[in-house]
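Student: Need the 3D shape of this:
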Amino acid sequence: MVLLMADPQELVDDSQEPKYDKLWCWKCRGHTDYRMVTHVHHGEHTTVRIKFHCQDCNKTMHKPQDMDLAFYGKWGRVLIWAYFLMAVLGIYYLAIFFLRKEIQYKEFRLIMGFMAFICLVIPVGVLVRAFIKYATWKKWAQDRGWKEPSAKERAWKNENS
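Tutor: Numbering: from 1, shown residues only. You can find the predicted model right below:
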């Protein structure tokens, strides 16, 4: 008995059309079916979080536009730079303030390291993750003939204005 194995590339459905504003699974590499999961937290204020999960692999799905920094427009990028400027200036101010207080050097390093991690390293990690995810989708989309519009065309537009 002879078993013929199909090439895994032949088994993948490549007929999907890339959609910039449609949910996409980064693990399955496609616009797959999804289910919506709602988390409601009742406390002083009620908070509702909605997530979309791929039905094939159960991973969280996002729209590619959510990972594209161009989607947030010029002002979104300005706010990102303003955040980092304020974070650096805040850490610098704390450094000067603590040096005047004759705080122990070991404690100072611990506090400054913690502040730098919270204010700088975590946001940079989030931006790098978004950049990598968008680049992954973009390559997948371009392999299927998608042409990336200019950053101005991809920027969010308020329908009401």
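
Student: Only C-alpha atoms from now on, for both contacts and neighbour counts.
Tutor: Fine.

Student: His45 belongs to a strand, doesn't it?
Tutor: No: for His45, which was evaluated using DSSP: H, G, I helix; E, B strand; the rest coil, the result is coil, with no strand membership.

Student: What separation is there between it and Glu153?
Tutor: 37 Å (Cα to Cα, to the nearest Å).

Student: So between those two, which is more surrounded?
Tutor: Taking neighbours as other Cα atoms under 10 Å, His45 and Glu153 compare with Glu153 leading, 12 against 7.

Student: where does the more buried one land in three-state SS?
Tutor: Quick answer, by three-state DSSP: Glu153 is helix.

Student: and the chain, what are its domains?
Tutor: With domains defined by automatic domain parsing, the chain comprises 22-62, 66-143.

Student: Please tell me how far the last one is from the chain's geometric centre.
Tutor: Once both centres are worked out by Cα atoms, centre = their mean, to the nearest Å, domain 66-143 turns out to sit 14 Å from its chain's centre.

Student: Shouldn't Asn132 be within a strand?
Tutor: Careful, residue 132 is Ile; it's not Asn. No: if the criterion is three-state DSSP, then Ile132 is helix and not within a strand.

Student: What does the pLDDT read for Arg77?
Tutor: According to the prediction, Arg77 has pLDDT 78.

Student: what does Asp7 give?
Tutor: For Asp7, the predicted pLDDT is 44.

Student: cool, and the one 3 residues further on?
Tutor: Per-residue confidence (pLDDT) for Glu10: 41.

Student: Please name the nearest non-neighbouring residue to the spatially most central residue of the chain.
Tutor: In the chain, the residue lying closest to the centroid (Cα atoms, centre = their mean) is Ala130, at 3.4 Å. Excluding its sequence neighbours, the residue lying closest to Ala130 (Cα to Cα, 6 or more residues apart in numbering) is Met67, at 4.7 Å.
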